[in-house]
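Visitor: next comes the sequence, and after it the predicted model I'd like to discuss.
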Amino acid sequence: MGGDPTGPPLVIVGPTATGKSALALELARRAAASGSASSIELVSVDSMQVYRGMDIGTAKPSAAEQAEVRHHLIDLVEPAERFTVVDYATALEATMADIAGRGAVPLLVGGTGLYLRAVIDGLRPPPEFADIAAELEAEAAAISEPAAELDVGTAALHQRLTELDPLAASRMEPTNLRRIVRALSVCLGTGRPFSSFGPGLQTYPEVPFRLVGINLDRDRLDERIAERYRQQLEHGFLDEVRGLAEEALSRTAAQALGYKELRAHLAGECTLHEALETAIARTRRFARRQVRWFARDPRITWIPHGSVSAMADEVAQLET
């Protein structure tokens with residue numbers, strides 16, 4: 001039921017707000033209730049849950065859930081600290097060894113695609129050039145300023161990447177500023193095409209993991225994203241952000257969905273309603289990218305979204 005000590009570890013993936021964590025927790029509970037000799041421990045594959053103090057907005061498991069089932073790779077660093085995919089992969093290797101050493105079974109769960117590929121495929125990215133990346137982001141912002149909704153700055157950087165590395169540019173969407181800046185900064189910093197650092201993310205070799213994805217139609221996903229934000233605000237999300245407002249966040253933490261918009265509201269740049277609507281729209285766009293990212297991976301077996309119990313039954317059937 002989510003973990004066989006003789007089989008490959010299970011990985012649950014999918015876009016945000018589809019209930020991945022709830023499903024993973026249910027599988028762990030079922031294993032415990034069945035009297036399995038090997039307990040299931042959950043391993044987060046989430047680039048934002050690594051930050052301490054960013055709990056509500058990242059949908060981090062509650063203290064009660066963490067007390068019930070052992071969780072890993074959350075609360076690793078302070079929000080001001082830089083934390084990369086390489087850092088994550090290093091921590092993951094130590095965590096997997098620790099879990100195996102205790103005879104437990106890891107169940108990986110999350111929606112950060114690049115972290116997932118680093119884990120299951122052993123991908124290691126080329127070097128980072130933070131100064132160049134910051135300059136490129138500033139350039140994109142300056143170009144977009146007169147027409148912020150048009151993302152003209154991002155499009156300009158994508159065109160520049162197309163000229164330097166057409167293969168890399170063809171592998172990413174022209175609206176994905178973060179990936180474009182990453183590729184372009186590597187091109188400028190190394191003098192080599194970003195695509196020359198390996199086969200990249202377009203190959204899907206066999207791996208010693210079983211990948212299961214949660215499939216949910218777009219309209220329902222949009223509804224769940226909006227509803228989750230409303231619930232998070234009721235549970236103190238704004239106060240959580242207020243507590244972080246004076247901190248100097250790392251570049252990654254500062255871009256966390258919802259946090260950026262609520263910080264803008266607290267700075268007097270927009271109303272709470274405007275901040276919420278912007279966060280919802282941005283998260284929906286992010287979810288679309290997640291769907292496209294995971295849809296390209298033929299190794300994922302998809303199950304329909306439903307009640308947590310029904311989804312756990314689906315996973316159990318896959319394992320028989």
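Guide: Nice, I can see it. Residues are numbered from 1 along each chain as shown.

Visitor: contacts, neighbours, all on C-alpha from now
Guide: Noted.

Visitor: may I see the buried residues of stretch 115-134?
Guide: 115-121, 123-124, 126, 129, 132-133 (16 or more other C-alpha atoms under 10 Å).

Visitor: helix/strand/coil for the closest residue to I120 other than its chain neighbours?
Guide: Nearest residue to I120 in three dimensions, chain neighbours excluded: V207, at 6.4 Å (C-alpha to C-alpha, 6 or more residues apart in numbering). Under DSSP: H, G, I helix; E, B strand; the rest coil, V207 falls in the coil class.

Visitor: can you get me a residue count around V207?
Guide: If you count neighbours by other C-alpha atoms under 10 Å, V207 ends up with 12.

Visitor: isn't it right up against D121?
Guide: Yes. Taking contacts as C-alpha atoms under 8 Å, V207 lies within contact range of D121: 6.9 Å.

Visitor: what's the single longest helix in this protein?
Guide: In the chain, taking DSSP state H as the definition, the longest helix is helix 272-295.

Visitor: for that one, packing partners?
Guide: helix 113-121, helix 218-234, helix 259-266 (3 or more C-alpha pairs under 8 Å, 6 or more residues apart in numbering; DSSP states H and E).

Visitor: pairing partners for the helix or strand following that helix, with directions?
Guide: Once helix 272-295 ends, the next helix or strand along the chain (criterion: DSSP states H and E) is strand 300-304. Sheet pairing for strand 300-304, assigned by DSSP bridges, gives strand 210-215 (parallel).

Visitor: pLDDT of the partner strand, averaged?
Guide: Strand 210-215 carries an average pLDDT of 97.

Visitor: name the SS class of the residue sitting furthest away from the middle of the chain, please.
Guide: What lies farthest from the middle of the chain is G35; by C-alpha atoms, centre = their mean that is 32.3 Å. Classification of G35 using three-state DSSP returns coil.

Visitor: would you mind measuring from it to E41?
Guide: 15 Å (C-alpha to C-alpha, to the nearest Å).

Visitor: P61 now?
Guide: 13 Å.

Visitor: wait, doesn't L216 sit right on W302?
Guide: No. Here L216 does not reach W302: they are 9.9 Å apart, not a contact under C-alpha under 8 Å.

Visitor: which element is T95 on?
Guide: Using DSSP H and E, T95 falls in helix 85-101.

Visitor: so which residues make contact with the next helix or strand after that helix?
Guide: Next in sequence after helix 85-101, counting helices and strands by DSSP H and E, comes strand 105-109. By C-alpha atoms under 8 Å, 6 or more residues apart in numbering, the surrounding residues in contact with strand 105-109 are 2-5, 9-13, 20-21, 24, 38-45, 96, 99.

Visitor: just the buried ones from these?
Guide: 2-5, 9-13, 20-21, 24, 38-45, 99.

Visitor: Y88: neighbour count?
Guide: Around Y88 there are 20 residues (other C-alpha under 10 Å).

Visitor: what's the answer for E246, then?
Guide: Other residues close to E246 by other C-alpha under 10 Å number 9.

Visitor: tell me the SS of it?
Guide: Quick answer, by three-state DSSP: E246 is coil.

Visitor: quick one: residues contacting it.
Guide: So E246 contacts nothing (C-alpha under 8 Å, 6+ apart).

Visitor: now do the same for E145: its pLDDT.
Guide: Among the per-residue scores, E145 shows a pLDDT of 63.

Visitor: same thing with M1?
Guide: For M1, pLDDT reads 46.

Visitor: quick one: the residue most central in space within the chain from I143, how far?
Guide: By C-alpha atoms, centre = their mean, the mean C-alpha position of the chain lies nearest to T112, the distance being 2.5 Å. The gap separating T112 from I143 is 29 Å, by C-alpha to C-alpha.

Visitor: quick revisit: could you dump the helices and strands packed on helix 272-295 into JSON lines with mean pLDDT and distance to P106 added?
Guide: Output for the helices and strands packed on helix 272-295, formatted as JSON lines (pLDDT from 0 to 100; distance: least, C-alpha to C-alpha, whole Å):
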{"stretch": "helix 113-121", "mean pLDDT": "91", "distance to P106": "13"}
{"stretch": "helix 218-234", "mean pLDDT": "98", "distance to P106": "27"}
{"stretch": "helix 259-266", "mean pLDDT": "96", "distance to P106": "30"}
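
Visitor: distance to E137 added to the ones you listed, as a markdown table?
Guide: Converted to a markdown table, the helices and strands packed on helix 272-295 look like this (distance: least, C-alpha to C-alpha, whole Å):
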| stretch | distance to E137 |
| --- | --- |
| helix 113-121 | 20 |
| helix 218-234 | 27 |
| helix 259-266 | 16 |
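
Visitor: which among the ones you listed is found nearest to L318?
Guide: Counting by C-alpha to C-alpha, L318 lies closest to helix 113-121 out of the helices and strands packed on helix 272-295; the figure is 19.7 Å.

Visitor: contacts for that closest one, please.
Guide: Contact with helix 113-121 is made by 45-47, 85-86, 88-89, 92, 110, 123-124, 201, 205, 207-209, 290, 293-294, as judged by C-alpha under 8 Å, 6+ apart.
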